[in-house]
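Undergrad: what follows is a predicted structure for the sequence shown.
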Amino acid sequence: MVEVSVITAAYNSASVIERNIRSVATQSLRAREHIIIDDGSVDDTASIAEGLRHEFPHLRVIRQANSGAARARNAGLAMANGRFVSFLDSDDVWSEHKLATQIGFMVEKDVAFSYGDYHVVDATTETMLGRQETPQQLTYAELLRGCPIGCLTVAFDQTALGKRFMPDVRRGQDWGFWLALTRDGAVAHRYPGCHAYYHRADSSLSSAKFSKAADIYRIYREQEQLGPLRSLYYLFPHVMSALTKWPVKQQDQ
């Protein structure tokens, strides 16, 4: 049996955490474990998750002081025991065949790192906004120029690629992780279909965008060991790709 660990970073997610947990629990390919990392929530996120453990014994609920998404996900990565590791943040969900489709594709095609298309939903109104389409495959060189991969669609084979951790930055840590996974020649492949639902919140604050750009630059410099000029050379297309990522392709009516 193929074993999958699912990692969920959660912060003040009391209104959505049960939906997330049930989305994983009802997968046609059952996960070995669903690791919930409560990142210092001040609401009932952790207690709601812990209250569901009697119904879903594969749940593991970990509480930590608020440290950001990177450290929360890394705490989950440290504990993940499955051959495959997948991510699903607390406000997002999957269709019931997401894991079966993706892991089946990876095993059949001998793929160590995969991602997929995803639906975009307004987090406030639950209105379907469209579908984010992704390239057929991505190399390290292509990922240096931007990040078309949605974290909620990723799975990687930690038997093949090893125990890995995200860079310790507040924003862009998932993209830094994809770079680390592909740096030695692994190619990321898109699995078929569209099985994930990303709940998009308003993130238009200029300060947040500047902070993310600073963290991206830091990853170029510190993790990838690129010089200042080369880092700036890649930073521009990366920022432009992020700005043009939305709007997504509209759904057929």
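TA: Yes, it's here.

Undergrad: which SSE is the residue nearest to residue 223 when sequence neighbours are not counted in?
TA: Excluding its sequence neighbours, the residue lying closest to residue 223 (C-beta to C-beta, 6 or more residues apart in numbering) is residue 167, at 5.2 Å. In this view, the C-beta of every residue, glycine as well, is placed from N, C-alpha and C. Remark: residue 167 resides in no helix or strand, with elements defined by DSSP states H and E.

Undergrad: renumber starting at 845 from here on
TA: Happy to do that; since the first residue is 845 now, the last one works out to residue 1011.

Undergrad: so what's residue 1011 up against?
TA: With C-beta atoms under 8 Å, 6 or more residues apart in numbering as the criterion, the residues that contact residue 1011 are 914, 1017, 1020-1021, 1024, 1063, 1066-1067.

Undergrad: give me that answer again for 7 Å
TA: For residue 1011, the contacting residues are 914, 1017, 1020, 1063, 1067, by C-beta atoms under 7 Å, 6 or more residues apart in numbering.

Undergrad: CSV for those residues, including secondary structure and distance to residue 1085?
TA: As requested, the contacts of residue 1011 are exported to CSV (DSSP: H, G, I helix; E, B strand; the rest coil; distance: C-beta to C-beta, whole Å):
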residue, secondary structure, distance to residue 1085
914, helix, 21
1017, helix, 17
1020, helix, 15
1063, helix, 15
1067, helix, 19
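
Undergrad: is it true that residue 1023 touches residue 1069?
TA: No: taking C-beta atoms under 7 Å as the contact criterion, residue 1023 and residue 1069 are not neighbours in contact, 11.3 Å apart.

Undergrad: the more surrounded of these two?
TA: Remark: of residue 1023 and residue 1069, residue 1023 carries more neighbours, 17 against 9, as counted by other C-beta atoms under 10 Å.

Undergrad: what about the closest residue to that one other than its chain neighbours, distance to residue 1061?
TA: The shortest distance from residue 1023 to any non-neighbouring residue, by C-beta to C-beta, 6+ apart, is to residue 987 (5.6 Å). Between residue 987 and residue 1061 the distance is 15 Å, computed by C-beta to C-beta, to the nearest Å.

Undergrad: and residue 1055, by the same measure?
TA: From residue 1055 to residue 1061 the distance is 11 Å (C-beta to C-beta).

Undergrad: who has more neighbours, the two?
TA: Comparing residue 1055 with residue 1061 by neighbour count (other C-beta under 10 Å), the higher total belongs to residue 1061, at 19 against 15.

Undergrad: what's near enough to touch the more buried one?
TA: If a contact means C-beta under 7 Å, 6+ apart, then residue 1061 has 1075, 1079 as its contacts.

Undergrad: hang on, it in a strand?
TA: No: read with DSSP: H, G, I helix; E, B strand; the rest coil, residue 1061 is helix and lies in no strand.

Undergrad: the closest residue to residue 1029 other than its chain neighbours and residue 1004, how far apart?
TA: Counting by C-beta to C-beta, 6+ apart, residue 1029 lies nearest to residue 984, which is 7.6 Å off, once chain neighbours are set aside. Shown here: residue 984 relative to residue 1004, a distance of 16 Å by C-beta to C-beta.

Undergrad: ok, those two, which is more surrounded?
TA: More crowded of residue 984 and residue 1004, by other C-beta under 10 Å: residue 984, with 18 against 15.

Undergrad: how close does that one sit to residue 957?
TA: Following C-beta to C-beta, the distance that separates residue 984 from residue 957 is 11 Å.

Undergrad: done for today, thanks.
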